[in-house]
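Colleague: got a structure for you, letters missing:
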Ligand code: DAH
């Protein structure tokens with residue numbers, strides 16, 4: 001046996017024993033450094049090859065290289081084993097106790113606007129509506145003209161529109177004044193049947209206890225071949241009774257005017273006002289019964305269908321729109337609309353919702 005073979009066998013035996021003994025990853029790492037590190041035993045053996053006589057070098061190199069390979073493999077093998085052990089120990093110690101009560105995290109709440117949108121979308125989703133959306137910056141065409149509000153129409157003045165600077169061709173973009181332009185976007189890009197619901201932000205230059213320059217609306221649109229006013233009424237009555245969670249909620253439809261619907265209506269819900277404030281629901285016999293306007297609606301004006309290249313001889317439908325802040329104020333008794341957007345933490349804690357509150361659903 002050559003001197004190198006003797007060295008190899010001795011070091012090999014010693015290292016394999018140390019590797020076998022190592023019972024955690026740190027100890028194993030020490031063994032690796034002591035053998036294969038810069039000043040490790042194997043590294044020194046490899047370096048010593050250079051000092052040997054030329055005829056001995058090749059054989060010594062082969063011997064030490066195979067030692068290096070064997071030890072490297074043994075280290076890797078042991079490392080795998082230790083990691084697997086470590087993982088099973090962690091899995092055993094870090095069990096989740098699913099019987100623990102839910103932690104009430106005081107850090108944040110769901111804003112009443114988000115909660116209200118979730119509730120509304122949940123109710124409409126169960127009626128087969130899908131959510132659609134559009135940009136806040138809209139073309140004049142989508143926001144007005146296509147909705148049968150031509151340039152000189154008085155309805156344009158009522159909208160207190162924020163206009164963007166005029167473009168070179170004289171056209172102006174607007175901050176959308178309602179969610180209705182998403183009706184147009186949907187009708188020009190999809191063919192009927194259409195059943196969409198559009199919650200989103202809208203903008204008008206107005207500011208007081210019941211108006212904010214940025215507010216939210218939810219729009220609905222149904223286009224099909226046999227849709228009539230009965231569908232509109234059934235859908236909206238169901239929605240309001242579910243949303244306000246009052247089974248026998250009194251409702252009424254009053255004739256109204258919107259350029260994009262014909263006929264148009266406004267829907268009122270029953271409420272009572274007394275010393276305790278406003279209460280949604282059946283009107284008592286006390287004579288305190290009253291009505292509260294909740295939304296605008298109507299059968300889609302055939303002109304609007306035409307503007308979107310939908311054949312009004314074949315298709316009809318209904319549309320509706322309502323203010324989300326107003327609905328939230330009524331449902332949750334929030335007196336001033338401006339407070340929604342003041343980001344006052346005390347207000348948010350008081351009126352906000354837990355992330356675990358489920359939005360109410362039909363039949364729930
Ligand atoms: N866009 C109307 C508004 O902002 C609300 C509205 C009324 C929408 C009637 C509709 C509708 O879709 O049919 O005042």
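Modeller: That came in fine, so what should we check first? Computed from a prediction, not measured in an experiment: that's the story for all the values here.

Colleague: got a list of contacts for the least confident helix or strand in the chain by mean pLDDT?
Modeller: Ranked by mean pLDDT, DSSP states H and E, the weakest helix or strand in the chain is helix 154-158, scoring a mean of 76. By Cβ atoms under 8 Å, 6 or more residues apart in numbering, the surrounding residues in contact with helix 154-158 are 144, 149, 259. The C-beta positions use only the backbone N, C-alpha and C, and glycine is treated the same way.

Colleague: the second one and residue 260 touch, don't they?
Modeller: Yes - when contacts are counted by Cβ atoms under 8 Å, residue 149 is listed as touching residue 260 (7.5 Å).

Colleague: between the two, which one's more packed in?
Modeller: Remark: of residue 149 and residue 260, residue 260 carries more neighbours, 24 against 21, as counted by other Cβ atoms under 10 Å.

Colleague: excluding chain neighbours, what is closest to the more buried one?
Modeller: In this structure, residue 260 finds its nearest non-sequential neighbour in residue 147, 4.2 Å apart by Cβ to Cβ, 6 or more residues apart in numbering.

Colleague: number of residues surrounding the one you found?
Modeller: Residue 147, neighbours per other Cβ under 10 Å, totals 26.

Colleague: thinking again about what came up before, now the contacts of helix 154-158 in a markdown table, with secondary structure?
Modeller: Shown next, in a markdown table, are the contacts of helix 154-158 (DSSP: H, G, I helix; E, B strand; the rest coil):
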| residue | secondary structure |
| --- | --- |
| 144 | coil |
| 149 | coil |
| 259 | coil |
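
Colleague: from those residues, which are also near the ligand?
Modeller: For the ligand, no contacts are drawn from the contacts of helix 154-158 by Cβ under 6 Å from any ligand atom.

Colleague: residues of the least confident helix or strand of the chain that come out buried?
Modeller: 155, 156 (16 or more other Cβ atoms under 10 Å).

Colleague: mean confidence score for whichever helix or strand comes after it?
Modeller: The helix or strand immediately downstream of helix 154-158 is strand 173-175, counting by DSSP states H and E. Per-region confidence: strand 173-175 scores 95 on mean pLDDT.

Colleague: strand 173-175 close to the ligand?
Modeller: No - Strand 173-175 lies out of reach of the ligand by Cβ under 6 Å from any ligand atom, never closer than 13.1 Å.

Colleague: centre of the chain versus that strand, how much separation?
Modeller: 26 Å (Cα atoms, centre = their mean, to the nearest Å).

Colleague: other SSEs contacting it?
Modeller: Packing contacts for strand 173-175, counted by 3 or more Cβ pairs under 8 Å, 6 or more residues apart in numbering; DSSP states H and E, involve strand 137-139, helix 140-143.

Colleague: redo those as CSV? Include mean neighbour count and mean pLDDT.
Modeller: What follows is those, written out as CSV (neighbours: other Cβ atoms under 10 Å; pLDDT from 0 to 100):
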stretch, mean neighbour count, mean pLDDT
strand 137-139, 18, 97
helix 140-143, 20, 95
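
Colleague: identify whichever of these lies nearest to the ligand.
Modeller: helix 140-143 (9.8 Å; Cβ to the nearest ligand atom).

Colleague: residue contacts, the closest residue to residue 267 other than its chain neighbours?
Modeller: Excluding its sequence neighbours, the residue lying closest to residue 267 (Cβ to Cβ, 6+ apart) is residue 295, at 5.0 Å. Listed by Cβ under 8 Å, 6+ apart, the contact set of residue 295 reads 236, 266, 267, 320, 321, 322.

Colleague: PyMOL command for the buried members of those residues?
Modeller: Listed next is the PyMOL selection for buried residues among the contacts of residue 295, using 16+ other Cβ under 10 Å:
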select buried, resi 236+266+267+320+321+322
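
Colleague: and stretch 117-127, what's buried?
Modeller: 117, 118, 119, 120, 121, 122, 123, 124, 127.

Colleague: which residue ranges form the strands in the stretch 51-200 of the chain?
Modeller: Secondary structure of the stretch 51-200 of the chain (DSSP state E, counting those that start in this stretch): strands at 130-131, 137-139, 173-175, 194-203.

Colleague: circling back to that earlier point, reformat the helices and strands packed on strand 173-175 as JSON lines; add distance to residue 70.
Modeller: Below are those laid out as JSON lines (distance: least, Cβ to Cβ, whole Å):
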{"stretch": "strand 137-139", "distance to residue 70": "70"}
{"stretch": "helix 140-143", "distance to residue 70": "75"}
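
Colleague: closest one to residue 80 among the ones you listed?
Modeller: When those are compared by Cβ to Cβ, strand 137-139 sits nearest residue 80, at 57.6 Å.

Colleague: return the distance of that closest one from the chain's centre.
Modeller: 23 Å.

Colleague: does it reach the ligand?
Modeller: No - Strand 137-139 is not in contact with the ligand by Cβ under 6 Å from any ligand atom; minimum separation 12.5 Å.

Colleague: okay if I get the strands of the stretch 51-200 of the chain as CSV plus distance to residue 85?
Modeller: Below are these laid out as CSV (distance: least, Cβ to Cβ, whole Å):
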stretch, distance to residue 85
strand 130-131, 50
strand 137-139, 59
strand 173-175, 62
strand 194-203, 53
